[in-house]
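Participant: I need the structure of the sequence given here:
(chains A and B)
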Amino acid sequence: MHTDEKLGRRALLAGLTGAAATVAAASALRSNAAPPPQPPQTIDPFGGRVDDSTIQLDLPQLRYEGSWEPRPTAMRTLARELRLRTRLEPVREPTVVEADSERLFDTPFLYVAGEGALPDLGAIGTDQMRRFIDLGGLILFDAADGGADGAFTNSVRDLLGKVVPSAELSPVGRDHVLYRSFYLVDTPMGRTRAHDHVLGIQEEGRLQVLVMRNDLGGALAETPDGLAAYPCTPGGSDQREWAIRFAVNILLYATCTDYKADRAHVETLLRARRWR
Amino acid sequence: MEKMSLAVGHTPPAFVLVGVGLVLGVALWEAVRTYLRPRSPRPRAIALSLLALRVLGLVALLMMVFEVTLRIDEVGPAGRRIVVLVDRSASIALPDATEAGEATATRQSRLEKVWAESESARVGWRDDGYLVDVRAFDETTHAYAGEQADTLQTTPDGVASDLARALSELAQPGPDEVPLSAVVVMSDGLVAPDDATDTHVRAVAESLGVPITTMALGAPAIRDISVASVRAGEFAFVENVAEFEASIVSYGFEGEAAEVQLRRDGETVASRRVRLDADGIERPVRFEVAPDRIGQFVYELRVVAHEGEATTDNNHRAFVVKVLRDKVRVLHVAGRPDWDVRALRTLLRRDPNVELLSYYILRDHDDIRREDTTAPLSLIPFPTDELFEEQLGSFDLLILHNFDAQPHQVAEYIDNIAQYVVDGGALVVIGGDLGPTDGGYAVRSLAATLPVDMRQPSPLVHESFAPLATDAGRRHPITSWLAAAGWDSLPPLPNYNPLSLSPSADQIGGSALVVHPSDTDPQGRPRPIISVAEPGKGRTVMLATGGSWRLGFAPGLPLIDGARPYDLLWLGVIRWLLRDDTSGRLQLETDRPRYRVGEDVELSAKTVSVAYAPQPDVEVTWELRLLDESAAAAESEDRAAVRKGRWTTDGLGRAREVVADLPVGAYEAIARREDAGEDDDGDDAERTAAAQVRRVFIVEPPGRELARVHAPPGTARLAAIAEATGGDALVAAASETLPRRLELADAFAEGPGLRLDSRRDIPLWSGWLMWTLLAVGFGGEWLLRRRAGEA
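Facilitator: Numbers count the residues shown, from 1 in each chain, chains lettered A, B, ... in the order given. Sure, this is the predicted structure:
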């Protein structure tokens, strides 16, 4: 019985690999190809029937004294893109929360953008941020300077020194599941591509904090007429698409954690990459 | 010999003593002063006579006042006891020979022969006045008397050879026992399984302070194979390789092949053939097996017996192993990633005992249609056929997390899932906006396994509420932690699926543990939020909410016993679903897994209701069976019970039994609820099996008496003891007998070395002698003074 089970598992794995190979390989072969066509932007994923019973994900953004919203529509765009591309059901209008508010705990995800140094969040705010992380939340810091000015990133380091003093920001390796949680992404691009990696704090393999220094919000932000608010440099619209894909990956990681690190997924994907 | 002494018979009161002392002192002082006067007119001889008579009179007076008695004691040497310690442990029954190939004789036969041939010596000891005290020792010591002391005939079957204990008892003689003069030890010397015990035995022997003469009963040539030691853990993990190792020691079988078996509950599960080494060389034999089921088992390493072995009692050794579930294989299928999925996945991934396989639906058909076909995705197909057709049985737990079965072609496998549960699988269905609205679960077979009715779509209601724990919920292992605090201190839940208890809930033990505080179903019953059922051999749990993650992520989240409520909830769910030992409705325990022979075995049982309340007045039958039977017998249900009985649980659902006097062996204890299957129609063998619990235990000898049977080390040990204590070392196999003149302790040592045989007291203070002395003393002085002209 024991042997049969083992053989069965191998057979399952082989089946998975084989079944996935065609699709994955086809996708992989094209991953470095020419810029992909953009999804049609005229679709309003929120325009159809609204089901009141749906569990909707909020993508809250932290409000603080100072330049807390350098890219005002970034989260709204991300919510829309998530609806268009994935089965996630984000809210149409992501909310805004303060660090000292109990509403901070309504969602285990928090987007913190900024241009220039973060102000002091106060004792209550700092304590709440610490508890937010301790209970399993994920904070995404996004530097709107795009790597030109390290003030925001430095202030984030200072803040994290108080919130998680036992850990330090460090580069998130290319082998991290973040780069394959939905799309296969090579570089974490934003409005800029000044840095080829993101920074993060991990505990027992779980990302608690992500720091994006390439202005992810700048790539997501749109004007009221639906056009890109800021040019992405140096890659233009292709870079913007890759930025959106990385943002999608971040939210898929936030909801599924390291789901794509499961053995069945890893072996299927490795095989696909070999074929590529 | 006699010892004389003076004894005072009466001590007067103090004032009398003072008066007498003064009188005597003055009288003596006056006599001495007169005698020493330099110019005394008396002749020197008369003066001296007067002084002597005065002293004589005063002494006589003293003796009269103090009632002085002459005491005559008849004493003899105290060390007049010779103790003979005779080994009657099982190893004495073994046959061996002085050389290989010669006729063998049992050590017991040599013992009896030596004893008989030493009769004249023993008579001589008694003629010398020694008391010969014959005692047998094994794990305890007991005296031989009468004919048994004369012949030493017995059947040696003691389970240990505790010579140290026997010697220690001699160091503490009873009040009526005379001290020791010598000890004779007749044994094979196999009394110490290790160096520490060897040192201890020798230390105790030396502390006695008397010579110990030893008679070694063993001979060097023996044929035997034994399991000298076993290395095995108390725990193993199911379907994981566990190692069991035995050290095989053989004598007289060098080069021959032997079959070593690993048996579980009497049934051989593995065997190996090994070639036996030279005499006394330990040969390790290792088994690597993967237990295929969880539970408690008696494993045994056994060497198949060879012809001509001195004994086969040492060819096997049993031990209890508890086989635990190692990695719980969990299949987690989610219809949509959200915070609830994140929380549960994080929890399951953190548990090192969980092997998690997840499939989450990351995009649906509309997303696929819109997607750039060139985008490199990490997605893989959802292998429904493999998961729900071929491999479903390999999972311990299936979690359908807000999973809409119909759009993903899983609805066609619902019957498989239902059968998986009935066959013993565990299923959790978690509500949300997709699963309960899908209609994919409206299949009769699955409906018969779930505690709730999912035949009608149940759209998610977004409403913050604090659920209520039911009576069953406060007792159930999943939610019993709510009993103390309730839900008041916990975060409210953000949504729920308004479901109803299944119409067949009563048939499958379905009950609601946590309910909505106000919403009720058409029958007026509160809407179940957490509910459970036990269909067939499986178990199911329904969480009618997609917001249980709030129990792990909220401001001011209370910790209960240091854990998040979310962790407690899921720990309880998994333990109950996987039938953790503590989650059965009949629990049976023994107070220990191993007992020494003679120790009481305590069985205790506990019965709980479907709602996990203590269930009183439940009829439970129990029985003990030996597991040491042959494999065929072990499989038979007709094996005779060694003991059996019947309990009726008390008001707290408890029952207890103390079983005494179980012989050495491996046992299984089985208890059954007699009410099992009462609610079922027809054949309910499965339910009966579910209401039966089993425990195993071993009753073993206090030591490994026959683990080592080769006599030479024992002979050497006895010689060392004799040398260390000043005794003689004798060997029966060399036809030596006990000596007429034993080495003895110093018989006339001072102090406790003398023994009082009789005593006579002769009163000196009364009778004619005293009056004569008084008359001579005082009367003679008066007459002499008168003759000297002083009176």
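
Participant: what parts of the stretch 51-200 of chain A come near chain B?
Facilitator: Within reach of chain B by Cβ under 8 Å from any Cβ of the partner chain, the stretch 51-200 of chain A has these residues: A:51-55, A:57, A:84-89, A:102, A:104-105, A:107-109, A:128, A:131, A:135-137, A:180-184. For glycine as for every other residue, the C-beta is placed from the backbone atoms N, C-alpha and C.

Participant: the same query, at a cut-off of 7 Å, please.
Facilitator: Residues of the stretch 51-200 of chain A lying near chain B by Cβ under 7 Å from any Cβ of the partner chain: A:53-55, A:57, A:84-88, A:102, A:105, A:107-108, A:135-137, A:180-184.

Participant: filter those down to the ones in helices?
Facilitator: The members of those that map onto helices under DSSP state H are A:84, A:85.

Participant: now the buried members of the residues of the stretch 51-200 of chain A next to chain B.
Facilitator: Those of these that meet the buried threshold are A:53-55, A:57, A:84-88, A:105, A:107-108, A:135-137, A:180-184, by 16 or more other Cβ atoms under 10 Å in any protein chain shown.

Participant: looks like residue B:706 contacts residue B:93 (just checking).
Facilitator: No: counting by Cβ atoms under 7 Å, residue B:706 does not reach residue B:93; the two are 9.7 Å apart.

Participant: what about those two, which has more around it?
Facilitator: Neighbour count, other Cβ atoms under 10 Å in any protein chain shown: between residue B:706 and residue B:93, residue B:706 has more, with 23 against 20.

Participant: identify the residue spatially nearest to that one, adjacent ones excluded.
Facilitator: Among residues not flanking residue B:706 along the chain, residue B:314 sits closest, at 3.7 Å (Cβ to Cβ, 6 or more residues apart in numbering or on different chains).

Participant: tell me the contacts of the one you found?
Facilitator: Counting by Cβ atoms under 7 Å, 6 or more residues apart in numbering or on different chains, residue B:314 makes contact with B:226, B:227, B:706, B:707, B:709.

Participant: against chain A, how distant is it?
Facilitator: 32 Å (Cβ to the nearest Cβ, to the nearest Å).

Participant: for residue B:226, see how far away that residue is.
Facilitator: Applying Cβ to Cβ, to the nearest Å, the value for residue B:314 to residue B:226 is 4 Å.

Participant: shared neighbours of those two, anything?
Facilitator: Counting by Cβ under 7 Å, 6+ apart, the common neighbours of residue B:314 and residue B:226 are B:706, B:707, B:709.

Participant: any idea how far residue B:52 is from chain A?
Facilitator: Counting by Cβ to the nearest Cβ, the gap from residue B:52 to chain A is 106 Å.

Participant: so where does that residue fall, helix or strand?
Facilitator: Counting by DSSP states H and E, the element that carries residue B:52 is helix B:44-66.

Participant: give the next helix or strand downstream of that helix.
Facilitator: strand B:68-77.

Participant: now that next one against helix B:44-66, angle please.
Facilitator: 80 degrees (axes from the mean of the first three to the mean of the last three Cα atoms, to 10 degrees).

Participant: give me the average confidence score over strand B:68-77.
Facilitator: Mean pLDDT, computed over strand B:68-77, is 79.

Participant: hmm, back to that, now, which of the contacts of residue B:314 sits nearest chain A?
Facilitator: Closest to chain A out of the contacts of residue B:314 is residue B:227 (26.5 Å), distances taken as Cβ to the nearest Cβ.

Participant: residue B:202 is in contact with residue B:719, isn't it?
Facilitator: No: Residue B:202 is not in contact with residue B:719 according to Cβ under 7 Å; the separation is 11.3 Å.

Participant: quick one on the thing from earlier: CA atoms only for the helix holding residue B:52 - export them in CSV, please.
Facilitator: C-alpha atoms of helix B:44-66 as CSV (Å, rounded to 0.1, in the frame of the first residue of the first chain):
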residue,chain,number,x,y,z
ARG,B,44,53.5,-1.0,113.0
ALA,B,45,51.8,-4.4,112.4
ILE,B,46,48.8,-3.5,114.6
ALA,B,47,48.4,-0.1,113.0
LEU,B,48,48.4,-1.7,109.5
SER,B,49,45.9,-4.4,110.7
LEU,B,50,43.6,-1.7,112.1
LEU,B,51,43.7,0.1,108.8
ALA,B,52,43.0,-3.0,106.8
LEU,B,53,40.1,-4.0,109.0
ARG,B,54,38.7,-0.5,108.7
VAL,B,55,38.8,-0.7,104.9
LEU,B,56,37.3,-4.1,104.9
GLY,B,57,34.4,-3.0,107.0
LEU,B,58,33.8,0.1,104.9
VAL,B,59,33.9,-2.0,101.7
ALA,B,60,31.4,-4.4,103.2
LEU,B,61,29.2,-1.5,104.2
LEU,B,62,29.4,0.0,100.6
MET,B,63,28.5,-3.4,99.1
MET,B,64,25.5,-3.6,101.4
VAL,B,65,24.4,0.0,100.6
PHE,B,66,24.7,-0.5,96.8
